[in-house]
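[1] would you be able to build a 3D model of this:
(one chain, ligands or ions: 3)
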Amino acid sequence: MTDASRVLVLNSGSSSVKYQLVEMADGSRLGSGLVERIGEPDCPDHTTALTRIADELADRGLGLDSPELAAVGHRVVHGGSRFTAPTLITDEVLDAVRELIPLAPLHNPANITGIEVTRKLRPDLPQVAVFDTAFHTTMPESAARYAIDTETADRYAVRRYGFHGTSHQYVSRGVARLLGKSPEAVNVIVLHLGNGASASAVAGGVCVDTSMGLTPLEGLVMGTRSGDLDPAVLLHLHRVGGFSMDEIDSLLNRRSGMLGLCGDNDMREVSRRMAEGDRSARLAFDIYVHRLRKYIGAYYAVLGRVDAIAFTAGVGENAADVREAAVSGLESLGLVLDPALNSVRSPEPRVVSREDSRVVIAVVPTDEELEIAQQTFSLVSSAAQ
Ligand SMILES: Nc1ncnc2c1ncn2[C@@H]1O[C@H](COP(=O)(O)OP(=O)(O)O)[C@@H](O)[C@H]1O
Ligand SMILES: CC(=O)OP(=O)(O)O
Ligand SMILES: [Mg+2]
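    Ligands and ions are numbered 1, 2, ... in the order given. A predicted model of the protein is given here:
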């Protein structure tokens, strides 16, 4: 066992890489940042982005060669049915993550590049994969299976996996802490509303349902993704519209959601345009909120008893108008928002419901990087004993 106590976390997305260097002795951030717009001339690919991050850290004396570095933790989006916990990365694990690329074509390749670049720079350093899908592997079969022919589903691994699990786990525990209870004692609906968005129903700390499915396309309306639609829409576009499968993929993943509805995927812009009376922005907002309310209702029924609803990620943490519209008129379900509390801006976990609200409405900022750092460090520390 060495006294190396720092973990570098790489969260590679389809067009960005977020990173954090965490000192595990006290949880402090020694460095953090974001490289965006990967694929554009200034940063053509993930290898460029990761090399830039490694150089930035090295310039500050915090490079990958530092002896204090215990491990690198990677967000890996799709872990299939196999990966249910943080996993030390070996050649064989890397191959398995590669085999899952067809199920997360926007995300897994970027995660693999992060692992390979790190290996090149520090081949001796332990690397850990923390999977978005892991927290959802507790879903019962009744929630995880689609109602299609079982043999076909099994042959092609077609089932609901769910994503953003690290965030759903972190936030559901954060809510329990905010309520002064243990995670086992509370039932929570978590609404992770970022560029990608998903809802989950968490019963006593265990995920029992989530809105994303085989891929991160199902469920809520997102920045550029459609979320739920009748599967026959694909058939219709193909047969009648002459769309190829790749064109449909690109339409639903990259040109739908808020972007497709009103031309803007950023909720800040949508709210600004709504305030100016823009009708397509208003309709896009209403569609976004309508879908969200349907999931709140659905997960209320799935859980039976709900102690709290937690909003998180870029939109959930910042957009007071989305939170208000999502729960308005749900007083008979025990959800009573406090408009004054809801309008407060703060980076802290906080309650935004009235004292007499039977269900607590909370805002709990997510920190996927910190959660990945903790899971990574805990795995390498126990492996070193
Ligand atoms: N002040 C704000 N008001 C409304 N929406 C915001 C605000 N700040 C950020 N957002 C939204 O958050 C989104 C990004 O969320 P984030 O969780 O960082 O996404 P991701 O991790 O998927 O990139 C942006 O697209 C934007 O719409
Ligand atoms: C899985 C997923 O949708 O991730 P993100 O929100 O980072 O795109
Ligand atoms: Mg995110």
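
[2] contacts, neighbours, all on C-alpha from now
    Will do.

[3] stretch 55-69: which residues count as buried?
    By 16 or more other C-alpha atoms under 10 Å, the buried positions in stretch 55-69 come out as 57, 62-64, 68-69.

[4] now do stretch 257-277
    257-267, 270-271, 273-274.

[5] from these, pick the one nearest residue 206.
    Residue 206 has its nearest neighbour among the buried residues of stretch 257-277 in residue 257, at 29.1 Å by C-alpha to C-alpha.

[6] hang on, the earlier thing: quick check: the farthest pair among the buried residues of stretch 55-69?
    So, the buried residues of stretch 55-69 by C-alpha to C-alpha: farthest apart are 57 and 68, at 13.2 Å.

[7] show me where the stretch 251-385 of the chain has helices.
    Along the stretch 251-385 of the chain, the stretches classed as helices by DSSP state H, counting those that start in this stretch are 257-262, 267-275, 279-303, 313-318, 320-327, 339-343, 368-384.

[8] switch those over to JSON lines; also include distance to residue 17 and mean pLDDT.
    Shown next, in JSON lines, are these (distance: least, C-alpha to C-alpha, whole Å; pLDDT from 0 to 100):
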{"stretch": "helix 257-262", "distance to residue 17": "22", "mean pLDDT": "98"}
{"stretch": "helix 267-275", "distance to residue 17": "21", "mean pLDDT": "96"}
{"stretch": "helix 279-303", "distance to residue 17": "26", "mean pLDDT": "98"}
{"stretch": "helix 313-318", "distance to residue 17": "16", "mean pLDDT": "97"}
{"stretch": "helix 320-327", "distance to residue 17": "27", "mean pLDDT": "98"}
{"stretch": "helix 339-343", "distance to residue 17": "30", "mean pLDDT": "98"}
{"stretch": "helix 368-384", "distance to residue 17": "11", "mean pLDDT": "94"}
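
[9] what's the closest of the ones you listed to residue 135?
    The nearest among these, by C-alpha to C-alpha, is helix 368-384 at 12.2 Å.

[10] what comes into contact with that closest one?
    With C-alpha atoms under 8 Å, 6 or more residues apart in numbering as the test, helix 368-384 has contacts from 1, 7-11, 19-20, 22, 24, 70-75, 86-88, 126, 128-130, 166-167, 170.

[11] pLDDT score for residue 2?
    With respect to pLDDT, residue 2 scores 52.

[12] one step back: the buried residues of stretch 257-277: which ones sit near ligand 1?
    266-267 (C-alpha under 6 Å from any ligand atom).

[13] with the buried residues of stretch 257-277 in mind, which one is nearest to residue 230?
    Residue 230 lies nearest to residue 257 out of the buried residues of stretch 257-277, by C-alpha to C-alpha, at 14.9 Å.

[14] what sits against the closest one?
    For residue 257, the contacting residues are 221-227, 265, by C-alpha under 8 Å, 6+ apart.

[15] farthest pair in these?
    Using C-alpha to C-alpha, the two most remote members of the contacts of residue 257 are 227 and 265, lying 13.8 Å apart.

[16] who in the stretch 1-150 of the chain is up against ligand 2?
    So far as C-alpha under 6 Å from any ligand atom goes, the stretch 1-150 of the chain lies against ligand 2 at 13, 77.

[17] so which of the contacts of helix 368-384 also contact ligand 1?
    Within those, nothing lies near ligand 1 by C-alpha under 6 Å from any ligand atom.

[18] just the buried residues out of these, in ChimeraX syntax.
    One line in ChimeraX is enough to select the buried ones among these; burial here means 16+ other C-alpha under 10 Å:
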select :7,8,9,10,11,19,20,22,24,70,71,72,73,74,75,86,87,88,126,128,129,130,166,167,170
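
[19] and the buried residues of stretch 55-69, which is closest to ligand 1?
    residue 57 (21.6 Å; C-alpha to the nearest ligand atom).

[20] how about that closest one, secondary structure?
    helix (DSSP: H, G, I helix; E, B strand; the rest coil).

[21] look up the residues forming beta bridges with the residue lying closest to residue 299 once chain neighbours are set aside.
    The spatially closest residue to residue 299, leaving aside those adjacent along the chain, is residue 201, at 5.7 Å (C-alpha to C-alpha, 6 or more residues apart in numbering). Beta-bridge partners of residue 201, counted by DSSP bridges, are residue 189, residue 209.

[22] which residues touch the helix or strand harbouring residue 250?
    Using DSSP states H and E, residue 250 falls within helix 245-254. When contacts are defined by C-alpha under 8 Å, 6+ apart, helix 245-254 is touched by residues 217, 224-226, 234, 237-238.

[23] what are the buried residues along that helix?
    By neighbour count on 16+ other C-alpha under 10 Å, the buried set for helix 245-254 is 248, 251-254.
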